[in-house]
Structure formats: C-alpha cells, structure tokens
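Novice: below are the sequence and a predicted model; questions follow.
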Amino acid sequence: MADPGKFKGRNGARWLRERGSPLHEAENTKEAREALQSLAKELLRIRNRSGEHVELHPNRAQMEFERGRGRSNIVLKARQMGISTWVSGRFFLKTVTKPGTLTVQVAHTTNGVAATPVVLYSGAIANMPSVCTFALLNGQDLQCSIASFEMSQQGPVWVTSTPPGGSAIVRRMGTTAQGADCRIERTGKLRFYPTSIPQAGELIAVSYRTAHRSVARLANAASITQESNGGTLPGTAAWIGTVTDPAPRSSLDCENAAKALLDLATNRGAAWKGKYTAWNMEAQGDVWPGDVLAAASTSAGLNANLVVRAVEIELLCGAPGLAKYVVSFANDWADALAVKTSAKVPLDVWLPQQAESAPPLGNLAQLTFSITSSAITVNAVEAPPANGGFEVRRRDWAFGPGTNSDLVLRSPVNSFTIPREAAVEEYFVRMYDGSTPPNYSRFSSAVFANVAL
C-alpha cells in the first residue's frame, strides 16, 4: 500500500498527475493498462465476500474488458463478474489524476439491487416472538440514505459454505438479479451461479425444514395404572382421529387438543352432561337456567357442581296440579369445549412410535457437525438430560428403546463421532431422558453428508 503521506498537499497532487499521465495520453495501450493496474492496487480497496477490505487486483473478466474496450462500450455479462466495480474504479482514477475532470456515473437498479448485497446478520434466533418490532437502522451517528427496503421470506432453506481453513459464509439464495449466490431447483438440487462456485475442498452445509402433518400422541400414565387394577387388566383405551376445528397449525396445537381430550377421558368429573326429571319442583323453589346444581352419586363417582343449561316444563294435569320438569345440565368441559374432531385420519400421517406421558424434550436446533473422510463429529450443544443422552438413527420417526434395526449409537455426552460408511449418508438425532419409557425431542435434527471417503 502506498505511503499516505505522499498524497498530501501539492506533492500529492503532483504524484497523482505523474502516475496517472499514461491513462490520459493514449487510449487502451499497454502502458496505460499497466499504470491503471498499479494505481488500482495502491489506491483502491474492495470488500470481499468475507467482509474484509482487500486490494483491488483485476480478475480475468476485468482484464478482458480492459484489453477489448473502446471509448463507448455495451457489456453483456452475468452479475458479480466485477465489471461495475472495475468501471467505477477506473473512472475514479481517471478523475483524481487529472485536475478539472468531472465524472458522472448513472447506476441502473434491478429489483432495487444496484450492488452486491451485504450480509448484516448471520445466525439463528432461538425464540422468535409471534409479534415483534423491526428497526431498519439502530445507531447514534448515522450518515446514509435509503432508497427502498423490502423484507421477504426466502423459504425453509439455509445454505452456508466453509472454505478450507476459513470460517462459514452465508450463501444468498435467489436470482442473479437479486445478487444471489445459488438457488434450489424444483428437483431439490442446489445449484451455484458461475460467479459464486465454491472452491475445491469448500464444505457446503444446507439446513432446511421439511413439511409434515402436525401430529401428537399422548398417554396418561396415572390413569393407566389406576384402570389396570394392579396390573390385572389392560388399563388402556385408545382413540385416533383428526382435529377439524380449530385447525391445528403445529404439532404443539395437536398436543394441546390431545391433552384436552385426554383430560376428558381420564377424569370422571371432567365432563358431565345430562338431564334430570322431577315433578312439581316449584314447590321446593323454582329452577332457572344458569343455576348451579350440586350433583352427587357414589356409584358413578360423581361429586360436582353443574350448570343448568335449560328447563322444560310440561303441565300434565290442572287439578290437582302436576308439572313435569326436565332440567338439562352440563359443566364447561362438556358444553363449552371448542375442539371438534373426526374419526378420519389422512393416509400420509406419520404417528409417533410411542405415546408421550410427559412434555417432549427440546429440539437440537443448534446442532453442528464436521465431516472428514473417516468420521462425522457431531456437537449437540445442549447438555444431556439426567440419565439420558442423544440417540442417532438412520431413519426418522423410529426413536424408542425397542427398535434397534436402524440404531447407530446412543451417547451420554453431547459431543460424539459417527464412523463413515459411505460417501452419501443421512442420520437423525434426538435427545432423550432417563424416564421409563424415555421422553424424546419432538423433532429430529438431520445430518446429511455427501463427501468422498
């Protein structure tokens, strides 16, 4: 890098005129091109994909343009070839090396993109609130202008690449007009654009979420024990169906609906609804809808306060007076429960292997891994539960103590190694605890590898 002192005052202006004189004496000569490259290296800095400021060394596309250009040029090119950067740089150098020169540059934008986008944040937010306030700028001393801003959801795919000996870089997804590096084709193939092809040995990691139906499977261990009569009876009753209203948008919604239905099925006092018939109740004090009815029955195990929903009175005889009262009663569980169900189950539903008798463990959202030719090293990040650990299988939805055909390993620590067996491999990881039967994470974290042995 040139000495900053030489650019001060008249000496600096004289140095710029002398070094830049070949740029103005003749068009597109070897001497002019060499002077341009030398000045670009000394005076210009660009920001690379890693966010570092480095010297501007012309690449192949920039050199081809410089050798073949004329006074007026129309360049048909792909994005991110560096042509715009080079043209801006050479305009700047030709301006500062000749006093009295005025340069006007007009930039055309496509979809609001005039230059290569810069990644301001790369990471995952563990707990995203349902509603939040977005601040475009947050600072105390800012000098800038914003022409437009657009926020879009790019889908459930996240691509990073790690050069040999470097750190992970976020790969932007989209079209070339958006300044993207790659795209996901309809066939599921990840394709990089010619200007963003990873170098040899660069590790590519793709994180994504797949779409499955929301499911839940719950059990009440205390009720099973009670109904089994000390183990002499099965003690279990099962129901499978679909929640139709309100529509469940996640497996957590299904779990909440299943919990409500399970409470109804296992609590004898949870939902009571019926009718009570009596005669001439007005003689004892009239009954009205909304009154609380204290109901008790030793044989039915009932001892609850029920709300009178409706009263029907039928006069059967005028003298002597004979009035028939039909009192309809129910509690809130029976009459106000908003969950509507259907016995139909879609054919593409994958049910959990075992019912949950306790809340599921957390998912391994921060799981990381590294790959060599002989092993995959996994770091689950989360601390293992008491008397539990991490289970690795070759297929999803088959976690449990009794299925071992596709079991790879169980690790009591959060960092473990999976031996490589093939060039293309896939594994699924969940956390489990020491319960009997064990509780698992609600969803798996997948590890896909496509690296030569």
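Specialist: Cool, got the structure.

Novice: make sure V159 is indeed in a strand.
Specialist: Yes - assessed with DSSP: H, G, I helix; E, B strand; the rest coil, V159 lies in a strand.

Novice: could you check the pLDDT of it?
Specialist: Looking at V159, its pLDDT stands at 88.

Novice: list the contacts of the closest residue to it other than its chain neighbours.
Specialist: Of all residues not flanking V159 in the chain, R171 sits nearest, at 4.1 Å (Cβ to Cβ, 6 or more residues apart in numbering). From N, CA and C alone the C-beta is placed, and that goes for glycine too. Neighbouring residues of R171 by Cβ atoms under 8 Å, 6 or more residues apart in numbering: 159-161, 181-182, 192, 196, 204.

Novice: for L23, same thing?
Specialist: Contacts of L23 by Cβ under 8 Å, 6+ apart are 32, 35-36, 39, 93-94, 97-98.

Novice: packing partners for the longest strand that the chain contains?
Specialist: With secondary structure taken from DSSP state E, the chain has its longest strand at strand 302-317. For strand 302-317, the packing partners by 3 or more Cβ pairs under 8 Å, 6 or more residues apart in numbering; DSSP states H and E come out as strand 292-297, strand 322-330, helix 332-335.

Novice: could you identify which of those is most buried?
Specialist: Mean neighbours per residue, mean count of other Cβ atoms under 10 Å, is largest over these for strand 322-330, with a mean of 17.

Novice: which strands border it, and is each parallel or antiparallel?
Specialist: strand 273-279 (antiparallel), strand 302-317 (antiparallel) (DSSP bridges).

Novice: please identify the deepest-packed of those strands.
Specialist: Ranked by mean neighbour count under mean count of other Cβ under 10 Å, the strands paired with strand 322-330 are led by strand 302-317, which reaches a mean of 14.

Novice: quick revisit: rebuild the helices and strands packed on strand 302-317 as JSON lines, extending it with mean pLDDT and distance to D141.
Specialist: As requested, the helices and strands packed on strand 302-317 are exported to JSON lines (pLDDT from 0 to 100; distance: least, Cβ to Cβ, whole Å):
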{"stretch": "strand 292-297", "mean pLDDT": "79", "distance to D141": "66"}
{"stretch": "strand 322-330", "mean pLDDT": "85", "distance to D141": "66"}
{"stretch": "helix 332-335", "mean pLDDT": "61", "distance to D141": "58"}
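
Novice: put together a markdown table for these, with distance to N127 on each row.
Specialist: Formatted as a markdown table, these follow (distance: least, Cβ to Cβ, whole Å):
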| stretch | distance to N127 |
| --- | --- |
| strand 292-297 | 42 |
| strand 322-330 | 39 |
| helix 332-335 | 32 |
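
Novice: S223 should be in a helix, yeah?
Specialist: Yes - S223 forms part of a helix when assessed by three-state DSSP.

Novice: ok, so what distance separates it from T187?
Specialist: 49 Å (Cβ to Cβ, to the nearest Å).

Novice: which of these two has more neighbours?
Specialist: The neighbour count for S223 versus T187, taken as other Cβ atoms under 10 Å, is higher for S223 (17 against 6).
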